[in-house]
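[1] Fold the following, please.
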Amino acid sequence: MGKDVIVACDFPSAKATLEFLDKFRGASPFVKIGMELFYSEGPAIVREIKSRGMKIFLDLKLHDIPNTVGSAMKVLSNLGVDMTNVHAAGGSAMMTSALNGLTKPDGSRTLLIAVTQLTSTNEEMMRKELLIDKPLPDVVESYARTAQGAGLDGVVCSPLESGIIHEKVGSSFLTVTPGIRFADGDIGDQSRVTTPELAKKLGSDYIVVGRPITKAEDPLKVYERCMADFVS
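    Just a heads-up that it's a prediction; the model follows:
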């Protein structure tokens, strides 16, 4: 599977999102719809963006009891998105239920990945707030192994962990990596970040880029820079 840049459309409304996507002038970026936009606009925004010929990563990070997550995924399976996710911390039974709910009667389904640790998380937070004493890379690897065992296609992780996941879990196990910033940019609320070029070297399969593109004066130009650095 080829590498790609996923543009995080973290906007509060369909109007703002579609006005932003209009700036791409013929390009068809892979788009991430997160909680803010989906909770505001619902399935209609998914259908509208799909009608424009764009791929969609529906980033809702489901995390609940297995039956609830499985039922929710059964509903989401009808939206025709290209990728969606759960939290690996929900455990193997929950992830298996999600996979079963997402799979249609003919066996087809979208890509399903699991969030390991958010890129805003660091080891101090893990120790003091989450009571996890293991090193962060070990925790991410363990979550990735659990997700693979449940039949998922990959994980969300920092680019810094892509290499070890591909080495220890499998080269075909996808790594979808947020926390992307340019060397001359602000890292904002992220703790574990890299540039698009470094993410490519580290082995990320997809990078998720939000504010560096969405807040740019010329989003298409910055998107093309990301594509050149990461894909070309």
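[2] For the rest of this, base every contact and every neighbour count on C-alpha atoms.
    Will do.
[3] what does stretch 214-221 contact?
    A8, C9, F20, K23, F24, R25, I213, V222 (C-alpha atoms under 8 Å, 6 or more residues apart in numbering).
[4] Once you drop chain neighbours, what's closest to the fifth one?
    If I follow you right, that is F24. With sequence-adjacent residues excluded and distances taken as C-alpha to C-alpha, 6 or more residues apart in numbering, F24 is closest to L220, at 5.3 Å.
[5] Count the residues that sit near that neighbour.
    A count of nearby residues for L220, using other C-alpha atoms under 10 Å, gives 21.
[6] helix/strand/coil for it?
    For L220, the assignment made with DSSP: H, G, I helix; E, B strand; the rest coil gives helix.
[7] pLDDT value on it, please?
    Here, the pLDDT recorded for L220 equals 96.
[8] repeat for the one 3 residues further on
    Model confidence at Y223, given as pLDDT, is 96.
[9] Are we agreed that it is in a strand?
    No: assessed by three-state DSSP, Y223 does not belong to a strand; its assignment is helix.
[10] hey, C-alpha coordinates of the longest strand along the chain in PDB?
    Ranked by residue count under DSSP state E, the longest strand found in the chain is strand 56-62. C-alpha atoms of strand 56-62 as PDB (Å, rounded to 0.1, in the frame of the first residue of the first chain):
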ATOM      1  CA  ILE A  56     -12.100   9.600   4.300                       C
ATOM      2  CA  PHE A  57     -10.500   8.500   7.600                       C
ATOM      3  CA  LEU A  58     -13.400   8.700  10.100                       C
ATOM      4  CA  ASP A  59     -11.500   9.400  13.300                       C
ATOM      5  CA  LEU A  60     -13.900   8.700  16.200                       C
ATOM      6  CA  LYS A  61     -11.700   6.600  18.400                       C
ATOM      7  CA  LEU A  62     -14.400   4.400  19.700                       C
END
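[11] Derive a ChimeraX selection command for the buried subset of the contacts of stretch 214-221.
    Applying 16 or more other C-alpha atoms under 10 Å to these, the buried members can be selected in ChimeraX as follows:
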select :8,9,20,24,213,222
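[12] Identify the residue nearest G154 in space, chain neighbours excluded?
    Closest to G154 by C-alpha to C-alpha, 6+ apart is L174, at 4.1 Å.
[13] So what touches the lengthiest helix in the chain?
    Identified as the longest helix of the chain according to DSSP state H is helix 136-149. Identification of contacts with helix 136-149 by C-alpha under 8 Å, 6+ apart yields 88-89, 91-92, 95, 113-114, 116-117, 122-123, 126, 153-155, 157, 161, 164-165, 168-169, 173.
[14] switch the cut-off to 6 Å
    Applying C-alpha atoms under 6 Å, 6 or more residues apart in numbering, the external contacts of helix 136-149 come out as A88, T116, E123, I165.
[15] can you list the residues you listed in CSV and add secondary structure?
    Conversion of the contacts of helix 136-149 to CSV gives the following (three-state DSSP):
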residue, secondary structure
A88, helix
T116, coil
E123, helix
I165, helix
